[in-house]
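Trainee: Have a look; sequence and predicted model below, questions after that.
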Amino acid sequence: MRADGTYRVLDADTVGAFADPFLAGPASAASEIGDGNLNLVFRVGDGRSSVIVKQALPYLRFAGESWPLTRHRARIEAEAISTHARMAPGILPELIHFDEAMSALVLEDLCAHQSWREALIAGDDVSGVAGPVGRYSARVLLGTLDGALSAGERAALQERFVYSELCLVTEDLVFTAPYHGSVTNRFDPAIADLAAGLTRDDALKEAAAELRAGFRTRAEVLLHGDLHSGSVMIDHGNPRIIDLEFAYFGPAGFDAGSLLAHLAIAWQAHAAQGRDAYCRVVDDCAAGYWTAFADESRWLWDRTGPGVEDFLARVLADAGRFAGLEMIRRIVGLAHARDIDSLPDTPRELAQRRVVAAGRSLVLGPECGAFADLWSRATGKVVPA
């Protein structure tokens with residue numbers, strides 16, 4: 001950081017000096033490794049040790065400077081990592097340093113890990129991942145429910161994780177843009193009819209608006225806010241949760257819905273290529289996540305008190321609806337999932353149409369009363385009448 005403490009955008013030439021204090025020796029190599037969607041992310045090393053430097057830009061990077069954002073998301077992420085790590089030890093990367101003036105975090109380098117999404121795309125062994133992620137979700141949700149903390153503690157936590165600018169980004173991209181022909185939408189010409197149909201689907205537009213209102217107002221639990229297969233890093237069944245800048249207090253089913261949506265997208269990508277055996281692997285991931293979440297929730301729930309089954313039923317019902325919208329927006333909205341975008345033309349179009357149909361059935365069908373119902377609809381095995 002400059003001596004005057006002012007903000008400057010880092011690059012591969014300047015990030016080494018910023019990271020030097022957190023390495024065993026002077027930085028000798030630095031490279032940008034981020035996917036370019038939101039922030040700058042660098043790996044910086046000295047030949048013996050390495051760290052990750054993540055810096056927030058004053059705009060939404062994948063949309064460009066035409067979509068300005070404050071840099072407060074870096075502070076939110078730093079505080080979310082610390083808060084979530086207290087509730088779910090061992091599954092968050094170590095936060096080594098946070099420089100507020102530079103809006104930059106220095107994080108443990110998960111160099112041996114790959115994203116869960118990339119492992120799923122490759123058809124790799126992903127055993128041992130879903131259970132810890134489900135337990136993580138349960139610990140954070142149950143740890144921040146009304147009654148889990150004193151009124152003062154919970155109020156202070158809510159004040160730190162208010163409805164942020166990134167929540168407005170989610171609100172626009174997930175709940176609004178796909179149904180109103182936004183200029184930010186992006187889709188293959190082959191499914192232009194599908195995208196146009198969404199703008200005429202009054203039932204879906206009404207349901208999305210209702211869910212958007214809940215996303216804004218139901219401050220039930222502290223969420224990750226952007227939990228999906230790309231925000232889980234894995235190494236031989238040893239997952240780490242990353243990218244917590246979207247954290248806020250919201251509806252308890254949102255994170256589960258988002259993660260299950262992306263597992264369903266992975267399933268649809270393999271199904272469109274006729275890879276039925278790996279679809280069963282993804283089936284196990286989805287069921288393993290929900291089972292671990294439910295079992296951990298039951299264990300954490302005040303051990304003897306009633307009400308946990310009602311809580312799980314509400315989370316599941318909400319998760320199904322939120323999953324449906326997430327699936328749809330990843331096909332026709334601004335930010336896609338590489339699981340499907342990376343496919344050849346014919347299976348890609350097939351998967352895209354199936355994902356949108358499955359998402360619509362989750363949003364507009366009856367509330368999901370059991371996990372098997374949610375997953376069968378997300379994969380298109382059963383579509384409600």
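Mentor: Received the coordinates, thanks.

Trainee: how near is the nearest residue to Ala294 once chain neighbours are set aside to Trp375?
Mentor: Using CB to CB, 6 or more residues apart in numbering and skipping the chain neighbours, the partner closest in space to Ala294 is Leu312 (5.4 Å). Just so you know, the C-beta spots here come from the backbone N, C-alpha and C atoms, and that holds for glycine as well. Remark: distance between Leu312 and Trp375 (CB to CB, to the nearest Å) = 15 Å.

Trainee: Doesn't the residue nearest to Ala294 belong to a helix?
Mentor: Yes. Checked against DSSP: H, G, I helix; E, B strand; the rest coil, Leu312 lies within a helix.

Trainee: Just give me the neighbour total for it.
Mentor: Other residues lying near Leu312 total 20 when counted by other CB atoms under 10 Å.

Trainee: Need the three-state assignment for the closest residue to Leu300 other than its chain neighbours.
Mentor: Using CB to CB, 6+ apart and skipping residues adjacent in sequence, the residue nearest Leu300 is Leu142, 4.3 Å away. Of the three states, Leu142 takes helix according to three-state DSSP.

Trainee: Looks like Leu142 contacts Arg135 (just checking).
Mentor: No. Using CB atoms under 8 Å, Leu142 makes no contact with Arg135, being 10.4 Å away.

Trainee: Have a look at those two and say which one is more surrounded.
Mentor: Leu142 (23 against 20).

Trainee: check contacts around that one.
Mentor: Neighbouring residues of Leu142 by CB atoms under 8 Å, 6 or more residues apart in numbering: 148, 296-297, 300-301.

Trainee: run the last query once more with 10 Å
Mentor: When contacts are counted by CB atoms under 10 Å, 6 or more residues apart in numbering, Leu142 is found next to 87, 148, 221, 252, 293, 296-302, 308, 311.

Trainee: any idea how far it is from Val53?
Mentor: Distance from Leu142 to Val53, by CB to CB: 33 Å.

Trainee: Also Cys368?
Mentor: Cys368 is 41 Å from Val53, by CB to CB.

Trainee: Just give me the neighbour total for the nearest residue to Gly25 once chain neighbours are set aside.
Mentor: Spatial nearest neighbour of Gly25, chain neighbours left out: Asp46 (4.2 Å); criterion: CB to CB, 6+ apart. As a burial measure, Asp46 scores 17 neighbours (other CB under 10 Å).

Trainee: next one: Pro26
Mentor: Count around Pro26 with other CB under 10 Å applied: 11.

Trainee: in this structure, which spans are strands?
Mentor: 29-32, 40-45, 50-55, 95-99, 104-108, 114-115, 221-223, 232-234, 240-241, 248-250 (DSSP state E).
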